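Student: just need the structure, nothing else, for what follows:
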Amino acid sequence: MKKVILLWILLQLTMTLPAQSLRAAFVHYGPEQGLSHEEVFCILQDQRGLLWFGTSVGLNRFDGRRFEVFLPVPGDTTSLPGERITGLSQDSKGRMWVSTDRGLCWFDWQDGVFHRIPPADPEHTNLLRNSTVSRLAFDGRGCGWLLAGNTLVRLDLTALTTKTFPLPDGAAGPGQLTVDRRGKIWLTALLNTWRFDPDTGEYRLFLGRAAADPALHFDGGYFYEEEDGTFWASSWGAGLWRYDARRDTLVDFPDEPAVATCFLRDTLRGGEEVFWVGGGEDGLYLLMLPDHKIIRQRHNPLDPYSHNGTMVRDILRDSQTGIIWLATDKGIEKYDPHTMRFSREIMPVEPANQFLKSPLSCRMRITRTPIGSVSGAEVSSAGSGKGINFSTFYLPSVGTAGKFLTWFKTDGEHYG
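Tutor: Residues are numbered from 1 along each chain as shown. Sure thing, here's the model as predicted:
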C-alpha cells in the first residue's frame, strides 16, 4: 500500500514540473578525481577529441576516465615553461598552443613534448619567456596574436618570428584576446576593451573607464563570435554587449546588470535558445533567448549535482556530444544534455511520516531504460547504510520525452 501511495505522490509531483528543467545537474571533477588543482582557467578539445584543462598548477589531459598531468620539469626544455596555464588554443594544423606564466609553447603530438617559443627570435626571447602571456588567437594570414606584458605580439606560425605593437596608454596584459572574421584584433587591457587594426596599426577604444562616454565605463571581459558572424563582448557590471557593424559600436544587450566572465550560445534539448554565462551572483547563469530571462544556477549544499557556486572562467561545448564543460574556481563541471536531469523542489516532511523521517541526506542510483520507464531506483540513507529498495517499477513518461520520476531526499528535499 505504501508503494502505491508513494508512486501516486511522485506522479502528481512530476506532472507539476516544467517541461524542461533549467536548473542543470552537473558532474564535478576535482583533485579527488586526479585533477592537478581545483582552480581551472581554460579548456580545449583537441583534434582527437581529448579534453585539456589549464589550471593554476599544471596542464591536465582527460580521456573521459582519468587525468594525465603535465608540469614544468627543472632543466627539461621539452616540458612546460610555466605551471600556471593561462590559455589553450589550436591552430589550423592541429598544433595545441599553451600559454603560461613563463611564456608560450606548443605541444608535439608525434613525440609528446612541448616546444618553447620563440627559438628563432632572440630579440623578443625575454618578452615571451619571462612574461605571463594570454591565449594565442589566430588570423587568416598564418599568424597568431597574444598579449605579453604591455605589448601586443604577432607570431608568424611558420617562421616563429614575432612583431610587437605597444598597447595604448601604457595598458598592460595579459587580458582576453580574439581575432574576428574580418581580421581585427579585439582585446582587453587594463580592463578596457580595444580593437586593433593590423593594416593601420591603430587602436580604437570601445568600453572601459578611459572612454569619453560615462555610459561605457564598464570593465571589459570576454569575446565570442557566433557562426553567423554575430560578435559579442562581455563586461563586469553590464553583462553582454553585441557589436553593431553598421554603427561600428558595441550595444548594451538588454540583460540584467551583472559580471559576465565568459559565455557560450547553446540550444537545450527542449529547443530553448540560451547563453551559458559565467558570472552573476552565483558564478553561473543561463540567459534565455529571446525573452532575456535569467536562470541562476545556485549552489545547494544538500544537492551534489548543483553548481559549485564559484566563478566560471571558461566554457566549452563538446562538438561531438553536445556536453557542456565548465572551468571554475573549484574544479571542473560537466553538464550532459543526454542524461537524466532533475528539477529540484523543496517539500515539507511531516514528523509523523515514517518513510521520510531520517534527517540524513540520501543518494540515488537509477538505471536508464527506454523512454517512458524507470528501472532500479534505490534510496538509501547516506551514512546509515539503511535504505528502501523500490525494486523495479515502471511509470509513464510525463510531458517531454526523457522525463523520469525520481527520488526523495530524506532531509526534506524532493528531487523529481
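
Student: mind listing what the closest residue to Asp63 other than its chain neighbours touches?
Tutor: Of all residues not flanking Asp63 in the chain, Leu50 sits nearest, at 5.9 Å (C-beta to C-beta, 6 or more residues apart in numbering). Just so you know, the C-beta spots here come from the backbone N, C-alpha and C atoms, and that holds for glycine as well. By C-beta atoms under 8 Å, 6 or more residues apart in numbering, the contact set of Leu50 is Arg61, Phe62, Asp63.

Student: any idea how far Leu50 is from Trp109?
Tutor: Distance, Leu50 to Trp109, using C-beta to C-beta, to the nearest Å: 10 Å.

Student: ok, Gly49 next?
Tutor: On the measure of C-beta to C-beta, Gly49 and Trp109 end up 13 Å apart.

Student: likewise for Trp241?
Tutor: As judged by C-beta to C-beta, Trp241 and Trp109 stand 38 Å apart.

Student: again, but for Leu240
Tutor: Distance of Leu240 to Trp109, given as C-beta to C-beta: 36 Å.

Student: more neighbours: the two, which one.
Tutor: Ranked by neighbour count (other C-beta atoms under 10 Å), Leu240 and Trp109 place Leu240 first, with 25 against 11.

Student: need the contact list for the closest residue to that one other than its chain neighbours.
Tutor: Residue nearest to Leu240 in three dimensions, not counting chain neighbours: Phe253, with 4.2 Å by C-beta to C-beta, 6+ apart. Phe253 is in contact with Trp232, Gly239, Leu240, Trp241, Arg242, His292, counting by C-beta under 8 Å, 6+ apart.

Student: A helix includes the first one, no?
Tutor: What it means is Trp232. No. Trp232: not assigned to a helix; according to DSSP: H, G, I helix; E, B strand; the rest coil it is strand.

Student: and it, how many neighbours?
Tutor: Other residues near Trp232 number 19, with proximity taken as other C-beta under 10 Å.

Student: quick one: it from Val251, how far?
Tutor: 10 Å.

Student: and what of the third one?
Tutor: Here the distance between Leu240 and Val251 works out to 10 Å (C-beta to C-beta).

Student: near Val259, how many other residues are there?
Tutor: 20.

Student: start the count at 43, not 1, going forward
Tutor: Sure, I'll start counting at 43 from here, so that last one is Val301.

Student: ok, and the closest non-adjacent residue to it?
Tutor: Gly321 (4.1 Å).

Student: residues in a beta bridge with the one you found, which ones?
Tutor: Applying DSSP bridges to Gly321 gives these bridge partners: Ala302.

Student: what's the end-to-end length of stretch 263-273?
Tutor: End-to-end span of stretch 263-273 (C-alpha to C-alpha, to the nearest Å): 14 Å.

Student: distance from the chain centre to that stretch, please.
Tutor: Distance of stretch 263-273 from the chain centroid (C-alpha atoms, centre = their mean, to the nearest Å) equals 16 Å.

Student: mind pulling up the pLDDT for the residue nearest to Asp105?
Tutor: For Leu92, the model assigns a pLDDT of 94.

Student: next: Leu169.
Tutor: Looking at Leu169, its pLDDT reads 70.

Student: pretty sure it sits in a helix.
Tutor: Yes. Applying three-state DSSP, one finds Leu169 inside a helix.

Student: and for it, nearest residue in space, chain neighbours not counted?
Tutor: Closest residue to Leu169 apart from its sequence neighbours, by C-beta to C-beta, 6+ apart: Ala190 at 5.3 Å.

Student: so that neighbour touches Ser176, yeah?
Tutor: Yes. Using C-beta atoms under 8 Å, Ala190 is in contact with Ser176, at 7.5 Å.

Student: neighbours of Pro379, just the number please.
Tutor: Here the number of neighbours of Pro379 (other C-beta under 10 Å) works out to 17.

Student: can you tell me the SS state at it?
Tutor: Secondary structure, three-state DSSP: Pro379 is coil.

Student: and the closest residue to it other than its chain neighbours, backbone torsions?
Tutor: With C-beta to C-beta, 6+ apart as the criterion, Pro379 has its nearest non-adjacent residue at 5.0 Å, and that residue is Arg311. The phi and psi values for Arg311, taken as degrees, to the nearest 10, are phi -60, psi -30.

Student: can you give the domain ranges for the protein?
Tutor: What automatic domain parsing lists as the domains of the chain is 44-55+386-457, 66-377.

Student: pick the most buried one from the ones you listed.
Tutor: Sort the domains of the chain by mean neighbour count, taking mean count of other C-beta atoms under 10 Å, and domain 66-377 sits at the top with a mean of 18.

Student: from start to finish, how long is it in a straight line?
Tutor: 7 Å.

Student: quick check: which element contains Gly96?
Tutor: strand 93-97 (DSSP states H and E).

Student: direction included, what does the helix or strand just after that strand pair up with?
Tutor: As assigned by DSSP H and E, the chain's next helix or strand after strand 93-97 is strand 100-104. Using DSSP bridges, the strands paired with strand 100-104 are strand 93-97 (antiparallel), strand 109-112 (antiparallel).

Student: which one, of these, ends up nearest to Thr142?
Tutor: Across the strands paired with strand 100-104, Thr142 has its closest neighbour in strand 93-97 (8.4 Å, C-beta to C-beta).

Student: now that closest one, how far from the centre of its chain.
Tutor: The answer for strand 93-97 is 11 Å, by C-alpha atoms, centre = their mean.

Student: contacts for it, please.
Tutor: For strand 93-97, contacts defined as C-beta under 8 Å, 6+ apart pick out 77-88, 101-104, 109, 127-130, 138, 140, 358, 360, 367, 369, 374.

Student: contacting residues around the closest residue to Ser98 other than its chain neighbours?
Tutor: Spatial nearest neighbour of Ser98, excluding adjacent residues (C-beta to C-beta, 6+ apart): Glu81 at 4.2 Å. Taking C-beta under 8 Å, 6+ apart, we find Glu81 in contact with Thr97, Ser98, Val99, Asp371, Lys372.
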